[in-house]
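# model the structure of this input:
(4 chains)
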2 protein chains.
Amino acid sequence: MSPRPRNHGARDRILAAAVRRIASEGIDGVRIARIAMDAGVSTSLVHYHFDSRDALLAEALEYSYARAGDVRIADRDLDGATHAERLQSMIEQCLPSSESLRQDWVLWVELWLRAVRHPELRPVAEELYARLHAWFADEIAAGVNSHEFERCDPQEVTDRVLALLDGFGVRNLIGDSTISLDRARRSVASALARDLGLGERLVSRTRASKARSASTAQATGS
Amino acid sequence: MSPRPRNHGARDRILAAAVRRIASEGIDGVRIARIAMDAGVSTSLVHYHFDSRDALLAEALEYSYARAGDVRIADRDLDGATHAERLQSMIEQCLPSSESLRQDWVLWVELWLRAVRHPELRPVAEELYARLHAWFADEIAAGVNSHEFERCDPQEVTDRVLALLDGFGVRNLIGDSTISLDRARRSVASALARDLGLGERLVSRTRASKARSASTAQATGS
DNA sequence: ATATAGACTGATCACAAAGTCAGGATCGAG
DNA sequence: CTCGATCCTGACTTTGTGATCAGTCTATAT
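Reported below is the predicted structural model:
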């Protein structure tokens, strides 16, 4: 047997550093010298592991999007929760409510911008939205089935929720002082609540903050 | 009198070319050589008129945002219209529904991304949102006053509409096949209609398409 | 022991693109 | 006419950065 590739982890460190740098400086602003520095290696090693700068960045983004697209929780605190409580927690995880979520958001916007100009990226974006869509629509449909929610079209409602999340999320992301995180949360939740026939509140005040802290705790970690 | 600066229009042509190039290639992708080519001048002239690449791009963006932020219509066809009809037309003009609106949208997203990393740009973004907000909120408040709409909080409703517009707009902009322009239009309009107590439709079918064609006609021109 | 493949580096190349500079062309004022 | 300011250009310099390459080091297999 010929010696197998044994990686001392440098490759992964480079990828991780790349993701961080992309988030902080933008795809176009990233310099491989910085990535190498962050990863504690020489620039040559970066070129050794990746064919080109573009290849590195593409893989880094792919990695990050895959992670972000993975359903974000198997949140133990929500095991016995109602569908409304789960939805509340999902909303929380789709807003830039923690440092790591903000980072995901920036890469997200970066993807939007590039998808406009590079049609080959559109499937990537669509796939991400499709997963988010399924995540919400399934939960809503389940709630309708179990008569927790009023009859409604889960597809329509989901699209509206995703749009609200994007709209409020972006404004909060860019630091618009009129859209606090809490305002975004409440607006999205109350709009959703009305669509589901729950009146003005998705969940009661105390339960809402419980769901929130449960999900932010796990979003912040890692 | 000392000789006045006599500009043969080159400076403006450079700015216009810059805006076009930024929209098509992105702020980071813009090369002054290309801008110069488009404007039919030498690169040296670009440097003659603008201190630096950054200064040129900043001025170009400022120019474009100012134009886009200007209230977009004094739409004669809507002079005798109801507030609902006006709102329908405003929605149309806040979605990427024409080539020039798509261009504005791209620059808009570009601004979001940079505002995240350059706090000095945030006031620019906030100002743009403030104008949009006022535009919608005034119209809604007027409709409430005249009892065309149900009593509601125009600020809240406006923020929700702007979020929906951003959310649906972005997805349409990146070519997401599940969010057609028409779907975006109808979703935003129906959500707004419900907020205003008008049931499911903001305006009747025929009047809606009339308002749409009126506003796209003027959005496409120029 | 030594041959081999993978992991890694320092030095260097190549190139694109921003920015500079010296000077030419044009126009208005005196 | 001619002086000076404005407008404009081609050639050049500079710099940042992606990529290459020759070679070292280490671990493992035989």
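
# could you list the low-pLDDT ranges of chain A?
In the predicted model, chain A carries pLDDT under 70 at residues A:1-7, A:71-77, A:205-222.

# 80 - rerun?
A:1-8, A:69-80, A:204-222 (pLDDT under 80).

# packing partners for the longest helix seen in it?
Longest helix in chain A by number of residues, with DSSP state H as the criterion: helix A:122-145. Helices and strands touching helix A:122-145, by 3 or more Cβ pairs under 8 Å, 6 or more residues apart in numbering or on different chains; DSSP states H and E, are helix A:53-69, helix A:83-93, helix A:99-117, helix A:154-173. C-beta here means a position set from N, CA and C on the backbone, and glycine is covered the same way.

# need the nearest residue in space to the residue most central in space within chain A, chain neighbours excluded.
With distances taken as Cα atoms, centre = their mean, the residue of chain A nearest its centroid is A:Ala68 (4.6 Å). Spatially, and ignoring its direct neighbours in sequence, A:Ala68 is nearest to A:Asp104 (4.6 Å; Cβ to Cβ, 6 or more residues apart in numbering or on different chains).

# for the one you found, what are its contacts?
A:Ser64, A:Ala68, A:Pro96 (Cβ atoms under 8 Å, 6 or more residues apart in numbering or on different chains).

# what is the burial count for A:Asp28?
Neighbours of A:Asp28 under the rule other Cβ atoms under 10 Å in any protein chain shown: 13.

# against B:Cys94, how distant is it?
Separation of A:Asp28 from B:Cys94 (Cβ to Cβ, to the nearest Å) stands at 28 Å.

# could you do A:Gln155 as well?
Per Cβ to Cβ, A:Gln155 is found 23 Å from B:Cys94.

# please say which of those two ends up with more neighbours.
Higher neighbour count among A:Gln155 and B:Cys94: B:Cys94, with 23 against 14, using other Cβ under 10 Å.

# now that one: closest residue in space that isn't a chain neighbour?
Nearest non-adjacent residue to B:Cys94 (Cβ to Cβ, 6+ apart): B:Leu165, at 4.6 Å.

# count of residues packed around the one you found?
22.

# residues touching it, list them.
Counted by Cβ under 8 Å, 6+ apart, B:Leu165 has contacts A:Gly167, B:Ile91, B:Cys94, B:Leu95, B:Val188.

# report how many residues lie close to A:Asp12.
Based on other Cβ under 10 Å, the number of other residues close to A:Asp12 is 13.

# same question, the one 5 residues further on
Applying other Cβ under 10 Å, we find 22 residues neighbouring A:Ala17.

# just confirm yes or no for the helix or strand harbouring it near DNA strand D.
Per DSSP states H and E: A:Ala17 is located in helix A:10-25. No - judged by Cβ under 7 Å from any atom of the strand, helix A:10-25 makes no contact with DNA strand D; its nearest approach is 9.7 Å.

# between that helix and helix B:99-117, how many degrees?
110 degrees (axes from the mean of the first three to the mean of the last three Cα atoms, to 10 degrees).

# for helix A:10-25, which positions count as buried?
Buried residues in helix A:10-25, counted by 16 or more other Cβ atoms under 10 Å in any protein chain shown: A:10-11, A:13-23.

# for those, give me JSON lines that also has distance to A:Leu173.
Formatted as JSON lines, those follow (distance: Cβ to Cβ, whole Å):
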{"residue": "A:Ala10", "distance to A:Leu173": "32"}
{"residue": "A:Arg11", "distance to A:Leu173": "30"}
{"residue": "A:Arg13", "distance to A:Leu173": "27"}
{"residue": "A:Ile14", "distance to A:Leu173": "27"}
{"residue": "A:Leu15", "distance to A:Leu173": "24"}
{"residue": "A:Ala16", "distance to A:Leu173": "22"}
{"residue": "A:Ala17", "distance to A:Leu173": "23"}
{"residue": "A:Ala18", "distance to A:Leu173": "21"}
{"residue": "A:Val19", "distance to A:Leu173": "17"}
{"residue": "A:Arg20", "distance to A:Leu173": "17"}
{"residue": "A:Arg21", "distance to A:Leu173": "18"}
{"residue": "A:Ile22", "distance to A:Leu173": "15"}
{"residue": "A:Ala23", "distance to A:Leu173": "12"}
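
# re the thing from before, which helices and strands sit right next to the helix holding A:Ala17?
Counting by 3+ Cβ pairs under 8 Å, 6+ apart, helix A:10-25 packs on helix A:32-39, helix A:43-49, helix A:53-69, helix A:99-117.
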